[in-house]
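> Here's my sequence, what's the structure:
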Amino acid sequence: MRDIAVVATAQSPAIRKDERRNEVEILMPVVHELRDRAGLKQEDIGFTVSGSCDYLQGQAFAFVTALDAIGPWPPIDESHVEMDGAWALYEAWTRLQYGDIDTALVYSFGKSSPGDIRRILTLQLDPYYLVPLWPDTIAMAALQARALLESDGVTERDMAEVVARSRKNAKDNPNAQLKGDVDVETLLKEPAYLSPLRKHDCPPITDGAAAVILAAGDRAREITDRPAWIRGIDHRIEPHSLGVRDLTDSPSTRKAAEHAGVANGNVDIAELHAPFSHQEIILKRALGLSDDVNVNPSGGALASNAVMAAGLLRIIEAADRIMSGQANRAVAHATSGPALQQNLVAVLEGDK
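Numbering: from 1, shown residues only. Sure thing, here's the model as predicted:
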């Protein structure tokens with residue numbers, strides 16, 4: 001296997017509703033900033049891949065318009081996944097293993113504000129048994145949260161503590177949307193939004209974009225002094241039907257973590273894609289993370305949640321801390337589908 005590393009990252013500030021710009025206009029400055037940081041032009045990049053969702057833009061093959069932000073001329077080797085950008089990064093990592101190219105650009109974007117994101121995401125469910133009932137993302141997360149609260153001693157206070165820590169951590173993140181000191185007792189006094197979830201237990205609606213450059217071997221060291229090496233990466237999926245799953249656990253995350261090698265060394269930080277507060281508790285258990293691991297120092301998806309970019313951002317935030325020397329080994333996680341249905345885990349390390 002070739003050694004592949006994250007060598008440059010960029011992201012847009014998370015905005016609740018960007019009324020001035022469309023997806024291409026949000027993405028374009030991010031891509032330009034990314035290539036400037038890496039010192040690369042588009043013709044220096046061997047492979048380009050994106051992650052997005054046509055349903056958010058309301059038209060088929062909408063991802064093609066995003067190429068205006070990349071610059072598709074001269075012709076480029078390009079691909080797209082109808083998934084969070086973390087899965088686009090997985091494709092780029094796989095493509096680099098072929099050995100004929102040394103660099104790849106990965107980007108993702110999502111503008112959730114124009115439509116009803118809760119109903120849009122319902123369309124990913126089983127079309128025969130679930131979609132006709134129209135359970136939205138909040139309702140399914142509430143079912144999961146209730147199952148967890150009634151299972152083994154997890155309390156609403158535990159969920160509020162996750163939110164409080166997320167908002168506090170986000171104060172140091174200039175790109176975060178929700179940030180600041182919040183008191184756990186104050187959070188617990190807020191009314192139920194969809195029981196047992198309160199509004200703060202749910203992710204904010206966010207418009208945003210993110211991008212990353214991967215490089216292999218010596219090329220990575222030429223681009224940056226301290227690459228964030230991807231030492232392991234894997235993704236797994238749960239059964240499609242909610243009724244045959246234990247919603248209080250995430251075996252796909254556990255299996256992906258096993259194959260990515262999470263337990264092969266100490267973890268300094270973990271960036272977990274947990275759009276709902278209770279999901280961080282489930283993921284931390286599945287990953288086998290100890291209490292001394294710094295979880296979501298960026299604030300995580302509770303601080304900003306650009307759909308289709310939030311998972312890639314977890315890898316970016318982890319990689320940034322390794323490249324800056326703040327951490328030596330990090331775990332990044334991304335999820336897709338209802339109630340943690342599909343999960344990707346990556347282990348990143350800096351040079352010793």
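> So what does the residue lying closest to A274 once chain neighbours are set aside look like in phi/psi?
Nearest residue to A274 in three dimensions, chain neighbours excluded: E280, at 3.8 Å (C-beta to C-beta, 6 or more residues apart in numbering). Every residue, glycine included, has its C-beta placed from N, CA and C. As for E280, its main-chain torsions (degrees, to the nearest 10) stand at phi -60, psi -40.
> Tell me who's in contact with A310.
For A310, the contacting residues are D84, G110, P203, T206, H273, P275, A301, S304, A334, by C-beta atoms under 8 Å, 6 or more residues apart in numbering.
> Make a markdown table out of those and add secondary structure.
Output for those, formatted as a markdown table (DSSP: H, G, I helix; E, B strand; the rest coil):
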| residue | secondary structure |
| --- | --- |
| D84 | coil |
| G110 | strand |
| P203 | coil |
| T206 | coil |
| H273 | coil |
| P275 | coil |
| A301 | helix |
| S304 | coil |
| A334 | strand |
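> So what's the residue count around T48?
Applying other C-beta atoms under 10 Å, we find 25 residues neighbouring T48.
> Okay, helices next: where are they in the stretch 201-350 of the chain?
In the stretch 201-350 of the chain, the segments counted as helices under DSSP state H, counting those that start in this stretch are 217-223, 251-260, 277-287, 310-323.
> Can you say which of those is packed in most?
helix 310-323 (a mean of 27; mean count of other C-beta atoms under 10 Å).
> Centre of the chain to it, how far?
Relative to its chain's centre, helix 310-323 lies at 9 Å (C-alpha atoms, centre = their mean, to the nearest Å).
> in the stretch 1-150 of the chain, which spans are strands?
4-11, 47-51, 78-81, 103-111 (DSSP state E, counting those that start in this stretch).
> circling back: what's the closest of the helices of the stretch 201-350 of the chain to I101?
Taking C-beta to C-beta, helix 217-223 is the member of these nearest to I101, at 9.5 Å.
> Go through the helices of the stretch 201-350 of the chain and name the closest to I269.
Using C-beta to C-beta, the helices of the stretch 201-350 of the chain put helix 310-323 closest to I269, at 5.8 Å.
> follow-up on the earlier one: right, and the pair among the contacts of A310 with maximum separation?
Using C-beta to C-beta, the contacts of A310 span at most 15.4 Å, a distance reached by T206 and A334.
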